[in-house]
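Q: Structure for this input, please:
(4 chains)
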2 protein chains.
Amino acid sequence: MLKISKKADYALMALQHIAAAQLGDVIPGRVVNTKEIAEEYNIPLELLAKVLQTLSRNALIESHNGPKGGYVLARRADKITIAQILESIEGPLGITDCSHEKDGEFCMQRDNCNIRTPLLKVQDSIAQLLNNMTLQDMMGGTPLITIQSSAAQGVAR
Amino acid sequence: MLKISKKADYALMALQHIAAAQLGDVIPGRVVNTKEIAEEYNIPLELLAKVLQTLSRNALIESHNGPKGGYVLARRADKITIAQILESIEGPLGITDCSHEKDGEFCMQRDNCNIRTPLLKVQDSIAQLLNNMTLQDMMGGTPLITIQSSAAQGVAR
DNA sequence: CCTTAGTCCGACCTTATTGATCGGAGACCA
DNA sequence: TGGTCTCCGATCAATAAGGTCGGACTAAGG
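A: Numbers count the residues shown, from 1 in each chain, chains lettered A, B, ... in the order given. Got it, this is the predicted structure:
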């Protein structure tokens, strides 16, 4: 239960990879294309492309077309939260259907609903969790920043 | 995103109702049948029945057949956690596909996967949240527990 | 300047999961 | 013992996810 979609998974992997490339696993500011990511993680190429398009449309990454093109982070890794990434792909966080009811529409159970309030509390806790964790925080295994020792480069790629 | 299924929703409503009936909104120890719950909350009768069957099979409620039959809580409301309820309906908690991989099977991305560890941290936090909240806590606007998000700190570095 | 290879982009199809439904079996009470 | 009320298991339709195809654009290289 509460499983996030494959597309969201792919988005997280791709962003982690792009961030790592940009922070300097080889060359700082490097542009990385769809094919490279797809092969690295065994993700269906065309599906990953679709995911990256969505992320681009939501201004999390920037696309550069043509030969030597690819994607670059739109802003610093510590300014991109997990919540933003997931919401770009799967839409707004909503444990229940009645989480974001507009005026006028409401579920059939609304009148006597006895679980709405507690569930919204749970939802808030999860939202807080995802909002407080950034892409930077996910870069645990890979060396942060720095062009440094050749040992570090060996590990990174 | 992260939306729980309708069936899980129904399960929570039904259990809350059964618990309320049992704790004495009219008669303590009262047996409540499927039809009563379905009408109270405008839930499709047959679908709710299926949900209750599942809960019964998972030993969260006890079924009594025949006229004047119905369902009763299998144990005290403060001994039933939200996690147990949701898992009965939707299966074990798993943010990602690789959450409960058995030996031998693993996702294609496993080798170079860079997000598995941080996501498992997030999952643990959510599990903790759901395990610490009982059916009792959902009764009548009672105060709720809130966990502070420790996932981000735990993963960083 | 023009060709060409490489890239992103948007619409389409297939498959799996959820939501909902139907008829039957068992149990209790009169 | 008959009838009625209840739970139960198997089956069908709707929705969303996963995956695929061809076209449009860009920038380099001759």
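Q: what about the residue of chain A found nearest DNA strand D, how many residues close to it?
A: For chain A and DNA strand D, the shortest gap (C-beta to the nearest atom of the strand) falls at residue A:66, measuring 2.6 Å. Using the backbone N, CA and C atoms, a C-beta is placed for each residue, glycine as well. Residue A:66: 6 surrounding residues under other C-beta atoms under 10 Å in any protein chain shown.
Q: Check whether it sits in a helix, strand or coil.
A: Applying DSSP: H, G, I helix; E, B strand; the rest coil to residue A:66 yields a three-state assignment of coil.
Q: quick one: pLDDT of it?
A: Residue A:66 carries a pLDDT score of 87 in this model.
Q: swap in residue A:23?
A: If you check residue A:23, the pLDDT there is 77.
Q: try the one 10 residues further on
A: At residue A:33, the model reports a pLDDT of 90.
Q: which ones are touching it?
A: For residue A:33, the contacting residues are A:69, A:70, A:71, by C-beta atoms under 8 Å, 6 or more residues apart in numbering or on different chains.
Q: which residue packs closest to residue A:97, ignoring adjacent ones?
A: What sits nearest to residue A:97 in space, not counting adjacent residues and going by C-beta to C-beta, 6 or more residues apart in numbering or on different chains, is residue A:107, at 5.6 Å.
Q: Please settle this for me: is that neighbour part of a strand?
A: No - assessed by three-state DSSP, residue A:107 does not belong to a strand; its assignment is coil.
Q: surely it meets residue A:98?
A: Yes - with contacts counted by C-beta atoms under 8 Å, residue A:107 reaches residue A:98, the gap being 5.0 Å.
Q: what touches both of these two?
A: Counting by C-beta under 8 Å, 6+ apart, the residues touching both residue A:107 and residue A:98 are residue A:113.
Q: if we can go back for a sec, just checking: which of the contacts of residue A:33 also lie near DNA strand C?
A: Checking the contacts of residue A:33 against DNA strand C by C-beta under 7 Å from any atom of the strand, the ones in range are A:69, A:70, A:71.
Q: Can you check the pLDDT for the second one?
A: Reported pLDDT at residue A:70 in the predicted model: 89.
Q: Quick check: phi and psi at it.
A: Backbone torsions of residue A:70, given as degrees, to the nearest 10, read phi 150, psi -150.
Q: That one: how many residues sit nearby?
A: Neighbour count of residue A:70, defined by other C-beta under 10 Å: 21.
Q: residues in contact with it?
A: Contacts of residue A:70 by C-beta under 8 Å, 6+ apart are A:31, A:32, A:33, A:34, A:36, A:63, A:64.
Q: Residue A:18 contacts residue A:32, correct?
A: Yes - contact criterion C-beta under 8 Å: residue A:18 and residue A:32 qualify, at 5.4 Å.
Q: Quickly list what's touching both of those two.
A: A:71, A:72.
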